[in-house]
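J.: The sequence and its predicted three-dimensional model are supplied below.
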Amino acid sequence: MEKIGLFFGSDTGCTEIVAKMIKERLIGYEVDVFDVYDIEGPEILDYNKLVFGLSTWHDGQLQSSWDDFYNSFSKLDLTGKTVALFGLGDQYGYSTYFCDGIGIIGKLAEENGAKIIGHWSTEGYEHDESKAQLDDNTFIGLCLDDDNQDELTEERVDQWVKQIVEEF
């Protein structure tokens, strides 16, 4: 059975809930789940398949655990690793920073050699800007808005997990 390392950061518990949803849906994989708050960094290198999750705070800031971990993360060689990203944000209250966190972490992972999978359509979202956008039509990963579109979260997670399973 293939292993996946799922690393998340969560201040309010929302991202942790989504991380558990994703783990439950990754049938056929052994998924080890880590709160970024509790790791040193080398644990990430034990996995070739990775899922990173975080929320975006205020004016595009990384979730606090990822913010604290950023310098260590920036030094990891992710060559040969495949990474899928999911993020939480508020597309109305922070429409110019929606899900910036996964854009920041995804770009750094890619610069450090990772292959990014799990791109997600921007259709159905109403925001102005996002560092998570690769282009007008595509996010780097799954973007969720539990503040304004919580009724869509489970359906989006289901679709995205099916997609990343195929891409892994």
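T.: Noted; the coordinates are in hand. Numbering: from 1, shown residues only.

J.: This protein: helices as residue ranges?
T.: Secondary structure of the chain (DSSP state H): helices located at 14-25, 64-74, 100-111, 153-167.

J.: will you turn those into a markdown table that also has mean pLDDT and distance to Gly87?
T.: (Each C-beta comes from the backbone N, C-alpha and C, glycine too.) Below are the helices of the chain laid out as a markdown table (pLDDT from 0 to 100; distance: least, CB to CB, whole Å):
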| stretch | mean pLDDT | distance to Gly87 |
| --- | --- | --- |
| helix 14-25 | 96 | 8 |
| helix 64-74 | 93 | 10 |
| helix 100-111 | 96 | 4 |
| helix 153-167 | 97 | 11 |
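
J.: To Asp128, which of the ones you listed lies closest?
T.: Closest approach to Asp128 among the helices of the chain (CB to CB): helix 100-111, 11.8 Å.

J.: Who is the nearest residue to Lys49 once chain neighbours are set aside paired with across the strands?
T.: In space, and not counting its chain neighbours, Lys49 is closest to Ile4: 4.5 Å by CB to CB, 6 or more residues apart in numbering. For Ile4, the beta-bridge partners under DSSP bridges are Val31, Lys49.

J.: ok, Ile4 - contacts?
T.: The neighbourhood of Ile4, defined by CB atoms under 8 Å, 6 or more residues apart in numbering, consists of 26, 29-32, 47, 49-51, 168.
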